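Visitor: need coordinates for the below:
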Amino acid sequence: MSAPEPTDRDHAAAPRSAEDTGTRPDEAAGPDGAAPQARAASAADLLPSPVFVLLLGLGGLAGWFSWTRAEVQWTGDDATAYVPFVFILAGWIVSLALHEFGHAAVAYRFGDRSLRGSGYLRLNPFRFGELFANLLMPVAFLLLGGIGLPGPASYLDPAAVPSRARRSLIAAAGIAVNLVLAAAAAAAVVILVPAGMFTDNWMLGGLMYLCYLNLTAALVNVLPIPGLDGFGVLAPYLPGTVAERVRPWALFGVIAVFAVLWVPQVNVRLPTLAAELFVALGMPQIDVGFGEVLLRFWVS
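Guide: Residues are numbered from 1 along each chain as shown. Below is the predicted model of the structure:
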């Protein structure tokens with residue numbers, strides 16, 4: 001999701017952190033307060049972090065245990081399952097990392113080097129510059145309301161990408177990533193569950209719900225509300241003073257959207273609308289309700 005971008009004047013006046021300038025903390029200032037020395041670029045700055053690989057491994061292991069129902073063999077009880085919760089949660093955190101990576105990677109491609117080596121480009125959600133907004137808040141949205149909604153996008157350097165069209169593409173990249181992830185999950189379900197059939201497999205139920213989370217994240221994110229990517233697409237074309245005034249409210253805009261989606265009437269209707277959309281697309285076997293039961297086991 002994308003917050004309105006600061007103007008060039010704001011960018012010039014704002015102090016840059018060691019991470020922004022590509023220097024390590026110990027390189028932020030030279031001896032006797034001398035000017036900082038730029039850190040040499042490294043190919044490792046663009047490699048996926050070990051944390052991301054660990055998340056993929058954890059999600060894959062939880063998915064395998066969900067597929068085989070290994071938890072039932074361990075406990076002898078299939079009334080409540082916990083492993084699918086781990087699978088869906090890990091899958092959503094991976095989705096958040098890829099969403100932010102989409103913004104950062106397109107910005108990097110267009111010339112913005114401010115996030116090189118950061119958690120955004122290295123797919124490490126625990127090293128996000130805005131940990132609360134980009135990781136903790138979206139996870140809370142998921143656990144509290146079963147809602148897939150990323151937080152406002154990370155700060156990107158507009159001075160490095162003067163083209164308005166390219167800055168709009170940077171904001172739209174997060175939406176595109178969520179759509180691709182939703183399509184990939186839907187394709188896996190459609191291949192493994194033929195049309196007209198249903199399944200009680202825990203891993204497939206988790207994939208169904210991850211498809212729903214990414215789809216709703218993309219559709220809600222299109223709205224032109226501050227803090228959402230839809231507004232970020234429009235922001236480069238707004239007068240500079242408008243974007244500047246709205247930028248501090250981006251986080252509150254996302255929270256306001258969640259509050260509306262959390263209203264019981266809306267929260268119940270949203271999965272129904274998604275199910276109707278899946279039916280219209282020829283994928284009636286995607287059962288959103290099954291996935292929500294697996295995720296929020298304490299509610300059911």
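Visitor: give me the buried positions along stretch 146-160.
Guide: Within stretch 146-160, the residues scored as buried using 16 or more other CB atoms under 10 Å are 146-159. Backbone N, C-alpha and C define where each C-beta goes, glycine included.
Visitor: where do the helices sit along the stretch 51-200 of the chain?
Guide: For the stretch 51-200 of the chain, the helices defined by DSSP state H, counting those that start in this stretch cover 70-75, 83-109, 131, 137-145, 164-192.
Visitor: for the stretch 201-300 of the chain, same thing?
Guide: 202-221, 229-234, 240-246, 250-262, 264-280, 288-295.
Visitor: by mean pLDDT, show me the worst of these.
Guide: The minimum mean pLDDT among these belongs to helix 240-246 (a mean of 80).
Visitor: so what's the residue count around the residue lying closest to residue 154 once chain neighbours are set aside?
Guide: In this structure, residue 154 finds its nearest non-sequential neighbour in residue 120, 5.2 Å apart by CB to CB, 6 or more residues apart in numbering. For residue 120, the neighbour count with other CB atoms under 10 Å is 30.
Visitor: which non-adjacent residue is nearest residue 44?
Guide: residue 117 (7.9 Å).
Visitor: circling back to that earlier point, so which of the helices of the stretch 201-300 of the chain comes closest to residue 186?
Guide: helix 202-221 (4.8 Å; CB to CB).
Visitor: now for that closest one, which elements pack on it?
Guide: Applying 3 or more CB pairs under 8 Å, 6 or more residues apart in numbering; DSSP states H and E, one finds that helix 202-221 contacts helix 50-68, helix 83-109, helix 164-192, helix 264-280, helix 288-295.
Visitor: and the ones you listed as TSV, adding mean neighbour count?
Guide: Below are those laid out as TSV (neighbours: other CB atoms under 10 Å):
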stretch	mean neighbour count
helix 50-68	17
helix 83-109	24
helix 164-192	19
helix 264-280	14
helix 288-295	21
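Visitor: mind putting those helices into JSON lines with distance to residue 215?
Guide: Formatted as JSON lines, the helices and strands packed on helix 202-221 follow (distance: least, CB to CB, whole Å):
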{"stretch": "helix 50-68", "distance to residue 215": "19"}
{"stretch": "helix 83-109", "distance to residue 215": "11"}
{"stretch": "helix 164-192", "distance to residue 215": "4"}
{"stretch": "helix 264-280", "distance to residue 215": "6"}
{"stretch": "helix 288-295", "distance to residue 215": "10"}
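Visitor: right, and these - which one's nearest residue 206?
Guide: helix 83-109 (4.5 Å).
Visitor: in contact with residue 289, which residues?
Guide: 271, 275 (CB atoms under 8 Å, 6 or more residues apart in numbering).
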